[in-house]
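Student: The amino acid sequence is not available; the structure is as follows:
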């Protein structure tokens, strides 16, 4: 008879409640570690490169990029979709696992949500900066105005994008922040300096920990969670309609919404894994982010990787099965073969092939391997977006306008900059915010069998 | 209770304080004061706080979003009678630059000539133009290159000082018996020739040398030998059924391309009445526009042409009972061609562009045997546009070096740049006492002349022209001379001690000589009416010449003696730049060559086979013969063992656009016999290993099996009128939609393009650029696929790379009724008009570029940089003078917005308003888009699809009509008519 394995304890090391609080807020109380300063210096440098590139773009025009009259979208849209994808996982993690009552999420969701917020902020830079006249970006806001009033085009996927992303950013930031309120209160209570007390006191919104507050807190979590759950699916579906609702071969496909959502979860989870490995290593939180956590993420990644593989195959199959010569060309002569074939095969190998090694328990328990695979997946997801954006545009209907595209230093600079901005955010998060949801972790401290003894 | 202090009684009594200097306080207070007061008077409530917040945000939003550029418009103090601000005036005039003739209409807005159209009254242009004519208006405003004042010894001077100096030197030369040389381009102006004659009579030692940089010397000499008439006949391609060209690019650059294109297109038109088309066979080495339009094209080496022509002569001579001459075996089998020519006696044309008298004599003999003279080739309206005899120039240069010439005057020529032995000329000029250049803009010749007496631009000048015998036209100034220049004819008159002004001279000349030849007007009215119409055409007087074949035997012998070399180099004129006279014109420089699609450079075109042999790809630098390096360009259809390089590049002192671009190949030319040869044998071609980047607007030349240009053959079309276009019916069948079909009440604009008429000449491209203020972006940007042209000429090849079939397809915005670009714009900056136009609201565009991506035709253009007033784009839009050419009816687009073809909406509006004012419906064909108006082939027809009787609907309902990529249901408003080639079935795949 099959006997379900009893899940081990989610928090190791026999902690008590006080220990947990102390452990988790230790990075906030302790002196800034040396590696943090180094990492911050690097991040600031990267961000400065990005800010200079942004300045250069706005000062001289989009001509400083390599995009052109055939391939009008390049790295900026690739990176936008990439960051949005990464920004998916936090909320997906929290919400879906919350709904599925997966208690193990508690050690990870805080970091994942933080990552979401920073990633979405990075992502939001791109649609703004890729506008030819970014100073008129407010034209995209649907508000009664003196220009007619002239409304936005509600049919445009770009407008949907704008709504979806801003809603998503708002909801995920709120969800993240409200989840932190009890923890801020804990820090406030333990704070030794006046300034710290004041700052965290402000952030804690006067939290006292009363039952009524907890009741409302939970209520709010579920409401925001409910909204966010829908947004997680909608935001990347909508991003995918930027492509799916067009007429361009390789873009015009109904597969895109699920394909994009799954892809986003894939890259997001991979990024969560990357971050969690860093956190547990540098902040010695192995007791909270245990091997079994990573194991669970790895299992999800293997499964999602299979879906990605299926999606890639479906795309190619449909190109052939439809008999559409333009689709056929895009897939068979400009992706599977041709000058961009490297990008295609890199994508397949990174996203659909390499993750399969995680079927092996040995790999799943090898932290180094997991770390490398998580990076490979994110690289692969970048290739995927390159494939979608560039290959389709570079060779579409009329061969007379076929061209090639490779970025200039400005585009690369902006991308590097967003990485810097992201890591700055993450580093601040490490330093000033409890990385693990203290209050939630406490709720899973005692495994079932132990609590039964009471 | 607070203690109250006061400083006056009024204050104490709470009376208003009066101040004599400040009577009405309220009126003088600013809005901000009032707001301050308002704030002060209100208690601080949450409501007020929010109100002021709201106000501040709104103010900030308005302040940041509204730009208020300061414009100063100064009204006329005394308004000129015929100038209405905002309304254009058109003046009939003449374009002749020494090479190309065109009767033109100049559009003048607020005193500025801004656009040139063809004169519809002219029997030569019939309203059409070439790309170069379209571009010529820009050179008027070439601030950087044009001379601002006369120059002496490199320094600016006054006209008086200049006249004194020149007159002294001329008189001195005349008295010492040394000759005065007047080196000019071909002059077709009767008045100018008369002025020159006056000059000659004043200075009898004057020699007038006519110098054409790329001459038709051989044709002139051959006609002199065979017909005793040193003229060029007119060629009626519309009357010919079989046309054979040996290297004469008559659709592109040979003699009268605009008129020839119209005639050729007429012979290629197919409709319900006209069921057959001419057949064109071309023998050439490089791919020319004519070769690209041929039904049969034979790539041959330049040296092989003679033997082919001779063999053809022999075949025809044998059949018609003439004398054949011994000839080497022809590299191409011409039996069939000879048969076809014989079958079309009197309805065929054989033309040859090779500058070799012997060859031209044999060609004349062929045409004579085919009885083409008098029917398709006619001397009665002979062409005057090429008069240069190569030998004259050589003699002049030799005499110059012998010190026989004291004064040299250059008019409209630049031999220092384009004479093959430029060094000898420059050395000789040093021996002359005075050299004068009439150039209106800097060039290599004026740079070494001691005196520059700058001529007016042709748009500032009075002149007349006789491009063909009996066909006259007038040129009138459309703007007062911008700089301190003087018309060359006025200078000559002045130096001849005449007191007449040239404009009076022309008028007098016309009243004396032409007034009597007509009866319509009185002598007084004649001038005014002719000036208004621009043209004066006499009925054709038939003049027949008898063919003399004394020279034939010698010529045939010479033709048989041509030696073929391993590698031969030949030179050609490009459509855009010709002999290099307009190289400094940024529009022309950036016009992609219709064949190579390259701009901003010349290159060595080599055949794919030769490239393979040399291990060369496009972009490799080749060392050809001497030390000059050329960039290789693999040209499908290039004859194996030949290299073609374009003239017109490699300027050193012609202005900022021209200088240093490409390599000058004129020095490669050689004098052989009496003619300058345009092809030479070369010893070696070596790959240097260096690379060079060419800017090309189209790098992929295959249609990839897609039905982009649909084609058929005449035979198939005759059987089935929708041959090659079967997919259209299929697409129409699937033309169903879930959505309600949009009805266009009133007008619904559309355009039809006849791919069979279009030769690819690209006049439309420049016409559009001039009309729509399309910026020039420079080589680097073109190489990055960022050219801004709203209409582009797509060129595809099919079949064999050694000798492909070539297809041209002009592509502009297709104005789709189901436009993919429209629904993706987040701010509705591009939307559909009630007349079916896909319009762009530039001031609404925020530049997401989504529309560019979603356009299946890729016709949308993005302003990647600010192209106007930007030193990085130092072309015509970077100076006040250069911007004078801008069309005030079309917005100059800002950085960051998308633009595209608008179907010349400004022209649509103009004509609609005109019709409304005149209270009448719009006439069919009344509205002409810029591309349609420029097109010499009449391939573009614009119209209203709601007008069932209109010309457009005729074409739209033709079985040859199709829409581009129609299967994706974009419902374009542009239709294309299938291309029909006149090829026999059995030799379709040669």
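Tutor: On my side now, so go ahead. Because the structure is a prediction, the values reported are computed rather than measured.

Student: pLDDT averaged over stretch B:79-87, what's the number?
Tutor: For stretch B:79-87, the mean per-residue pLDDT is 82.

Student: hmm, who's touching it?
Tutor: Stretch B:79-87 is contacted from outside by B:76, B:89, B:110-111, B:888, using CB atoms under 8 Å, 6 or more residues apart in numbering or on different chains. For every residue, glycine as well, the C-beta is placed using N, CA and C.

Student: Check the offset of it from the chain's centre.
Tutor: Counting by CA atoms, centre = their mean, to the nearest Å, stretch B:79-87 is centred 30 Å from the centre of its parent chain.

Student: what ranges do the helices span in the stretch 351-454 of chain A?
Tutor: A:361-364, A:367-386, A:392-394, A:409-432, A:438-443, A:448-452 (DSSP state H, counting those that start in this stretch).

Student: winner for burial among the ones you listed?
Tutor: Stretch with highest mean neighbour count among these: helix A:392-394 (a mean of 25; mean count of other CB atoms under 10 Å in any protein chain shown).

Student: what residues does that one touch?
Tutor: For helix A:392-394, contacts defined as CB under 8 Å, 6+ apart pick out A:70-73, A:243, A:248-251, A:330, A:334, A:340, A:402-405, B:853.

Student: List buried residues within the contacts of stretch B:79-87.
Tutor: residue B:89 (16 or more other CB atoms under 10 Å in any protein chain shown).

Student: Relative to residue B:275, which of the contacts of stretch B:79-87 is nearest.
Tutor: residue B:89 (44.1 Å; CB to CB).

Student: what about that closest one, helix or strand, and which?
Tutor: strand B:88-96 (DSSP states H and E).

Student: so how far is that strand from its chain's centroid?
Tutor: 16 Å.

Student: Over to stretch B:510-520?
Tutor: That offset, for stretch B:510-520, works out to 34 Å (CA atoms, centre = their mean).

Student: Residue of the stretch 701-850 of chain B closest to chain A, please.
Tutor: residue B:847 (1.9 Å; CB to the nearest CB).

Student: Give me the neighbour count for the closest residue to that residue other than its chain neighbours.
Tutor: Leaving aside its sequence neighbours, residue B:847 sits nearest to residue A:132 (CB to CB, 6 or more residues apart in numbering or on different chains; 1.9 Å). Summarising burial for residue A:132: neighbours were counted as other CB atoms under 10 Å in any protein chain shown, giving 21.

Student: Repeat that for the one 4 residues further on.
Tutor: A total of 19 residues lie near residue A:136 under the criterion other CB under 10 Å.

Student: Wait, it touches residue B:829, no?
Tutor: No. The criterion here is CB atoms under 8 Å, and residue A:136 misses it with residue B:829 at 10.2 Å.

Student: sorry, back to before: and the residue nearest to residue B:847, which helix or strand is it part of?
Tutor: Per DSSP H and E, there is no helix or strand for residue A:132.

Student: okay, now residue 30: neighbour count?
Tutor: Picked chain A for this. Neighbour count for residue A:30, taken as other CB under 10 Å: 10.

Student: nope, chain B
Tutor: Residue B:30 has 8 neighbours, counted by other CB under 10 Å.

Student: residue contacts, it?
Tutor: Here residue B:30 is in contact with no residue (CB under 8 Å, 6+ apart).

Student: for chain B, what's the longest helix?
Tutor: Taking DSSP state H as the criterion, chain B has its longest helix at helix B:46-65.

Student: what mean pLDDT does it have?
Tutor: On average, helix B:46-65 scores 77.

Student: One more: stretch B:218-230?
Tutor: 90.

Student: Then stretch B:966-973?
Tutor: Stretch B:966-973 shows a mean pLDDT of 91.

Student: Of the contacts of stretch B:79-87, which is the nearest to chain A?
Tutor: The shortest approach to chain A among those belongs to residue B:888, at 23.3 Å (CB to the nearest CB).

Student: so who does the closest residue to residue B:628 other than its chain neighbours touch?
Tutor: Spatially, and ignoring its direct neighbours in sequence, residue B:628 is nearest to residue B:663 (5.7 Å; CB to CB, 6+ apart). Listed by CB under 8 Å, 6+ apart, the contact set of residue B:663 reads B:602, B:628-630, B:645, B:649-650.

Student: and which of those residues is nearest to chain A?
Tutor: For chain A, the nearest member of the contacts of residue B:663 is residue B:602. The distance, counting by CB to the nearest CB, is 22.2 Å.

Student: That closest one against residue B:649, yeah?
Tutor: Yes. With contact defined as CB under 8 Å, residue B:602 counts as touching residue B:649 (4.1 Å).

Student: Could you name every residue contacting both of the two?
Tutor: With CB under 8 Å, 6+ apart as the test, residue B:602 and residue B:649 both reach B:662-663, B:665.
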